[in-house]
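In: could you look at this predicted model? Sequence included:
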Amino acid sequence: MKKANSALFNMQIRAIEPKDFAFIRSLAAEFPTFTVPSEYVLWFFIRFHPDYCRVIEQRSGVLKAYLLAMPTSNPRDGIAIWQAAATESDRAFTLEFFAAYLRDLVGHTGVKSVFFSMPNDPASLRLINSLAKQFANCEIERTNSVPAGQNEFEFKLSLNVSKTGEA
């Protein structure tokens, strides 16, 4: 466990920069259901949604993960996560880092919903439940099938839900 703790202390979340684009594109290519974003799409994300897009970097400068997200217009108080990916050896830590970042982002933006798509399989559902535990009073809902034919579904985390289900 000591090794895991030292790994956590040697990482930081920071804004994505153009120099990170090659890493993001390369990592996205490792996932068969991901679209490899063009440099223009990445520029667009960091230009218009800079607070929602991050990389996890070791203090040595080695990149380990990325998050591409944006605010939603319908509903107005939501965040859509387009992609979150980590190098294979660092996937266990990535959820914790990005969940902490999302908690802070939710706190200062007033977000009430987080949307993302994933396969509807046991491993993905464990990941979703783990993410939901990072937020107090959170409800998970599987909403729509993603039309891309990849057997993925849209999920919604409703945040700050009372025990009776009212927001």
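Out: Yep, that arrived. Numbers count the residues shown, from 1 in each chain.

In: correct me, but Glu17 touches Phe45?
Out: No. Glu17 is not in contact with Phe45 according to CB atoms under 8 Å; the separation is 11.9 Å. Any C-beta I mention is one placed from the backbone N, CA and C, and that applies to glycine too.

In: which one's more surrounded, the two?
Out: The neighbour comparison of Glu17 against Phe45 (other CB atoms under 10 Å) goes to Phe45, with 21 against 9.

In: which residues does the more buried one contact?
Out: Listed by CB atoms under 8 Å, 6 or more residues apart in numbering, the contact set of Phe45 reads Ile16, Pro37, Tyr52, Cys53, Leu68, Met70, Trp82.

In: can you tell me which of the residues you listed is nearest Thr94?
Out: Thr94 lies nearest to Leu68 out of the contacts of Phe45, by CB to CB, at 13.3 Å.

In: so what's Ala167 scoring on pLDDT?
Out: Predicted confidence (pLDDT) for Ala167: 42.

In: oh, I was asking about Ser162
Out: In this model, Ser162 is scored at 49, pLDDT.

In: so where's this protein uncertain?
Out: Where the chain drops to pLDDT under 70, the residues are 1-9, 148-150, 161-167.

In: max-length helix in it?
Out: Ranked by residue count under DSSP state H, the longest helix found in the chain is helix 91-109.

In: which SSE is immediately downstream of it?
Out: Next in sequence after helix 91-109, counting helices and strands by DSSP states H and E, comes strand 113-119.

In: against which helices or strands is that next one packed?
Out: Helices and strands touching strand 113-119, by 3 or more CB pairs under 8 Å, 6 or more residues apart in numbering; DSSP states H and E, are strand 78-86, helix 122-133, strand 152-158.

In: any idea of the angle it forms with helix 122-133?
Out: Angle, strand 113-119 to helix 122-133, by axes from the mean of the first three to the mean of the last three CA atoms, to 10 degrees: 170 degrees.

In: what's the closest non-adjacent residue to Met70?
Out: Closest residue to Met70 apart from its sequence neighbours, by CB to CB, 6 or more residues apart in numbering: His49 at 4.4 Å.

In: wait, the one you found touches Leu67, no?
Out: No. His49 lies out of contact with Leu67 (CB under 8 Å); the separation is 10.8 Å.

In: who has more neighbours out of the two?
Out: Leu67 (24 against 17).

In: direction included, what does the helix or strand hosting the more buried one pair up with?
Out: Assigned by DSSP H and E, Leu67 belongs to strand 63-71. Paired strands of strand 63-71, with direction, are strand 54-58 (antiparallel), strand 78-86 (antiparallel) (DSSP bridges).
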